[in-house]
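1. task: produce atomic coordinates for the following.
(one chain, ligands or ions: 2)
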Amino acid sequence: MSFSSLVSDLTYRDRNGGNDDRRGPMSRQVSTMSRARSYASTAATSVSITGDISSQLHGGYSHPLARAWQAERQLTKSMLIYPLFITDNPDEETLIPSLPGQYRRGLNKIVPFLRPLIAKGLKSVILFGVPLHPDAKDALGTSADDPTGPVIASIRLLRKAFPSLFITADVCLCEYTSHGHCGILREDGSLNNALSVDRISDVAMAYAEAGAHCVAPSDMNDGRIRAIKLKLIEAGIAHKVVLMSYSAKFSGCLYGPFRDAAGSSPSFGDRRCYQLPPGGRGLARRAIVRDINEGADIIMVKPASQYLDIISDAKEIGKDLPVAAYQVSGEYAMICAAAKAGVFDLKTMAFEATEGILRAGASIVVSYFTPDFLDWLEN
Ligand code: PBG
Ligand code: ZN
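-> Residues are numbered from 1 along each chain as shown. Ligands and ions are numbered 1, 2, ... in the order given. Below you'll find the predicted structure:
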């Protein structure tokens, strides 16, 4: 019924009621009251008083708490993992120009830096080694598992300084190889998968044995999840180490600021023969299935906001696993730049992007916004 026919219908009913003497002296008043009531409810629900009540949604989210209840997962501090860049120069604390507010820090700087964040509720970090020493790099990435190198030393230091902090170590060779690729190369410059998997799994073991709660291979060599899991089992520590696979890691331009920060740009070529092509949704699904079958405990999708469909696929394929998403350096830098240019408010956008990532299916988010969220979130 249209609004205008509804009004004429009410007028008609009113006229009839008013003329009916059998209603007694009060009848006029009663009729007016009931007309007023039905008029008010009609006006408030203009489109569908006679029909579809399910079209009335506003009431369900009028209160801030009722709005929070609309999300399947609400962002909490325990979902966040904060990336840290650790150098081999102990006193270094250098701002990374392409990553606003993020620093490369030496061993002596990380405990004082983390203490207030942990007091505010930081639960977890992911460590990236940044060797600056002139001869730290070679063709095999030898310094990746140097027991005195920044990653192993910081795992030991952080385990001791902050017993409740969950420590993830990113596992890759690109920060440590002279050519900047994520594995060991053949003479023609392509990845030697077998040698790379051998080396990557040794590096993962070294981090796990140093005390990392979680090892996260980001190299994208085929079969490295199985190799790492087998070595963890063999060493008798598989029961206490989380294996988080960067399963669906796409190639593209969003890792630029990270590569500035970590000094890990390839010296020739690119990573398109091992990181996934941006259109490769099916390939990503295959990689996710494979890594689950090889023993991954957590599946990661990276980047995040440009790949929300992949996050959703990961959650569907890996219903029984936590799905992590990495909001990478380029996503973070883009949001900071746009906020600075006045496009939007930084905090509002940081929430909107992160809530989108959760809505897609992630329950863990690696985010450079983590310190901000510790201020912004209550729980
Ligand atoms: C190392 C690694 C990279 C990132 C995480 N681990 C860089 C790359 O693959 O080139 C990217 C993280 C970011 O951009 O924030 N393999
Ligand atoms: Zn790499």
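2. so Leu157 sits against Lys109, correct?
-> No. Using Cβ atoms under 8 Å, Leu157 makes no contact with Lys109, being 11.0 Å away. Backbone N, C-alpha and C define where each C-beta goes, glycine included.
3. and these two? Which one has more around it.
-> Neighbours were counted for Leu157 and for Lys109 using other Cβ atoms under 10 Å; Lys109 has more, 19 against 16.
4. next, the more buried one: phi, psi?
-> Taking degrees, to the nearest 10, you get phi -100, psi -20 for the backbone angles of Lys109.
5. wait, a helix at Ser98?
-> No. Looking at Ser98 with DSSP: H, G, I helix; E, B strand; the rest coil, it is coil, so not inside a helix.
6. how about the residues of the stretch 151-300 of the chain near ligand 2?
-> Cys172, Cys174, Cys182 (Cβ under 5 Å from the ion).
7. run through the residues that contact the first one.
-> The one in question is Cys172. Taking Cβ atoms under 8 Å, 6 or more residues apart in numbering, we find Cys172 in contact with Ala144, Cys182, Ile200, Pro217, Ser218, Asp219, Ser264.
8. neighbours of Gly236, how many?
-> 8.
9. can you redo the contacts of Cys172 as JSON lines with pLDDT, neighbour count and secondary structure?
-> Below are these laid out as JSON lines (pLDDT from 0 to 100; neighbours: other Cβ atoms under 10 Å; DSSP: H, G, I helix; E, B strand; the rest coil):
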{"residue": "Ala144", "pLDDT": "97", "neighbour count": "27", "secondary structure": "helix"}
{"residue": "Cys182", "pLDDT": "95", "neighbour count": "25", "secondary structure": "coil"}
{"residue": "Ile200", "pLDDT": "98", "neighbour count": "28", "secondary structure": "helix"}
{"residue": "Pro217", "pLDDT": "98", "neighbour count": "29", "secondary structure": "strand"}
{"residue": "Ser218", "pLDDT": "97", "neighbour count": "22", "secondary structure": "coil"}
{"residue": "Asp219", "pLDDT": "97", "neighbour count": "26", "secondary structure": "coil"}
{"residue": "Ser264", "pLDDT": "91", "neighbour count": "23", "secondary structure": "coil"}
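10. and those, which is closest to ligand 1?
-> For those, the closest approach to ligand 1 (Cβ to the nearest ligand atom) belongs to Ser218, at 3.7 Å.
11. helix/strand/coil for the residue lying closest to the closest one once chain neighbours are set aside?
-> Excluding its sequence neighbours, the residue lying closest to Ser218 (Cβ to Cβ, 6 or more residues apart in numbering) is Tyr246, at 4.3 Å. Classification of Tyr246 using three-state DSSP returns strand.
12. count of residues packed around Tyr246?
-> Count around Tyr246 with other Cβ under 10 Å applied: 27.
13. also the one 4 residues further on?
-> Phe250 is flanked by 24 other residues according to other Cβ under 10 Å.
14. swap in Ala261?
-> If we define neighbours as other Cβ under 10 Å, then Ala261 has 23 of them.
15. test my guess that it contacts Pro100.
-> No. With contacts counted by Cβ under 8 Å, Ala261 stays clear of Pro100, the gap being 11.6 Å.
16. just send the residues of the stretch 151-300 of the chain next to ligand 2 back as TSV, with distance to ligand 1 too.
-> Formatted as TSV, those follow (distance: Cβ to the nearest ligand atom, whole Å):
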residue	distance to ligand 1
Cys172	4
Cys174	5
Cys182	5
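17. and which of the residues you listed is nearest Ala350?
-> Of all these, Ala350 sits closest to Cys172, with 26.5 Å by Cβ to Cβ.
18. phi, psi for the closest one please.
-> The phi/psi pair for Cys172 (degrees, to the nearest 10) is phi -160, psi 170.
19. pLDDT wise, what is it at?
-> With respect to pLDDT, Cys172 has a value of 98.
20. Gly263 now?
-> 88.
21. please begin residue numbering at 25 from this point
-> Yes, from this point I'll number from 25; that puts the last item at Gly287.
22. which residues does it contact?
-> Here Gly287 is in contact with Val154, Pro155, Leu156, Glu199 (Cβ under 8 Å, 6+ apart).
23. same check on Pro290?
-> Cys198, His203, Gly204, His205 are the contacts of Pro290 under Cβ under 8 Å, 6+ apart.
24. let's see that with 7 Å instead.
-> Contact analysis of Pro290 by Cβ atoms under 7 Å, 6 or more residues apart in numbering lists His203, Gly204, His205.
25. all set now, cheers.
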